[in-house]
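# Coordinates for the following, if possible.
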Amino acid sequence: MRAKKSYGQHFLTNEHYARQIAEALELTDQYDEVLEVGPGQGMLTKHLLDRSDAFHLKVAEADRDMISYLHTHYPQLSEDILEGDFLKLDLARVFGGRPFGLVGNFPYNISSQILIKLLDNYRLIPEMVGMFQKEVADRVIIGAGTKVYGVIGVLVQVRYEPMLCFNVSRGNFAPPPRVESAVIRLVRRPVPLIADEHYGQFKHVVKSAFGQRRKMLRNSLKSVFPPEVLAAEEIFRRRPEHVTVEDFVALAERAAGV
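Numbers count the residues shown, from 1 in each chain. Here you go, the predicted model:
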């Protein structure tokens, strides 16, 4: 079973790391269902199944060869294999609207899209543990003040608290990816930093700012605030990487008239 570039597949081969990922799901008192994305040949899946006393597992797989492999080698999962693209799944229907944990050695070619889908469904997902390209993981967990800080990190951090679990070197995969990897854990905030009704405005402010990341906010947010406001206040003389998540929230709420 060869990995396919079209699916962004790099199979984890280290049992120790697979077990650590499975055990990193800690909030099982808040849910009793888990969805694994891209199980492939089941390296992580078998360790998740070992926790069947804590939760019921379903897996989402798009590769038909891998689906056939899972049916053969994990017959206990046959009724719980969701065949098709995770990004097209209606997550509200997967577990009948019940909350669930999200986990996976995520395909690197769609990692940002997976994070966006997570955010769009955050009310259903109290916790996520996943393997990402290290560069993406760094963007998610980093705070203001670095060049890595950007849109995806700000959007994630307004709804989740991110943490690094561990780094994984290239030699732990087949085939080895060209990049280093990292496992991160996201825990949903008890209360999001911005209300759902203002989230659209928040995304607009953040994307406008980082869309011109070398410019000060007084230039990148001209479509959001009037000239006299942009000229008068210190925050608009900052570049976006020096604006905290909380500052972006305050700007978005102000733009929304809160």
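# what comes up buried for stretch 120-138?
Neighbour-count burial for stretch 120-138, counted by 16 or more other CB atoms under 10 Å, picks out 121-122, 124-134, 136-138. For the C-beta atoms, the positions are set from N, CA and C on the backbone; glycine is no exception.
# among those, which are in strands?
Within the buried residues of stretch 120-138, residues falling in strands by DSSP state E are 127-133.
# And those residues, which two are furthest apart?
Largest separation among these by CB to CB: E127 and Q133, giving 20.8 Å.
# which strands and helices sit next to the helix or strand of the chain with the lowest mean pLDDT?
Scoring the helices and strands of the chain by mean pLDDT, DSSP states H and E places strand 11-12 at the bottom, with a mean of 82. Secondary-structure packing of strand 11-12 (3 or more CB pairs under 8 Å, 6 or more residues apart in numbering; DSSP states H and E): strand 173-174.
# now what about whichever helix or strand comes after the strand it packs on, what contacts it?
Counting by DSSP states H and E, the next helix or strand C-terminal to strand 173-174 is strand 181-188. Contacts of strand 181-188 with the rest of the structure, by CB atoms under 8 Å, 6 or more residues apart in numbering, involve 17, 20-21, 24, 27, 118, 122, 125-134, 137-138, 140-141, 156, 159-170, 172-173.
# Give the buried residues for the helix or strand just after strand 181-188.
For strand 181-188, the succeeding helix or strand toward the C-terminus, using DSSP H and E, is helix 199-211. Going by neighbour count (16+ other CB under 10 Å), the buried part of helix 199-211 is 199, 201-206, 208-210.
# How about residues contacting helix 199-211?
The contact list for helix 199-211 (CB under 8 Å, 6+ apart) reads 150-151, 154-155, 158, 192, 194, 217, 220-221, 223-224, 240, 243, 248-249, 251-253, 255-256.
# Tell me the gap between it and the middle of its chain.
Centroid separation between helix 199-211 and its chain, computed with CA atoms, centre = their mean, to the nearest Å, is 18 Å.
# Which SSE is immediately downstream of that helix?
Heading C-terminal from helix 199-211 (DSSP H and E), you reach helix 217-220.
# Would you mind pulling up the elements that that following helix packs against?
Other helices and strands packing on helix 217-220, by 3+ CB pairs under 8 Å, 6+ apart, are helix 199-211, helix 227-232.
# buried ones in that helix?
Buried residues in helix 217-220 (16+ other CB under 10 Å): 217-218, 220.
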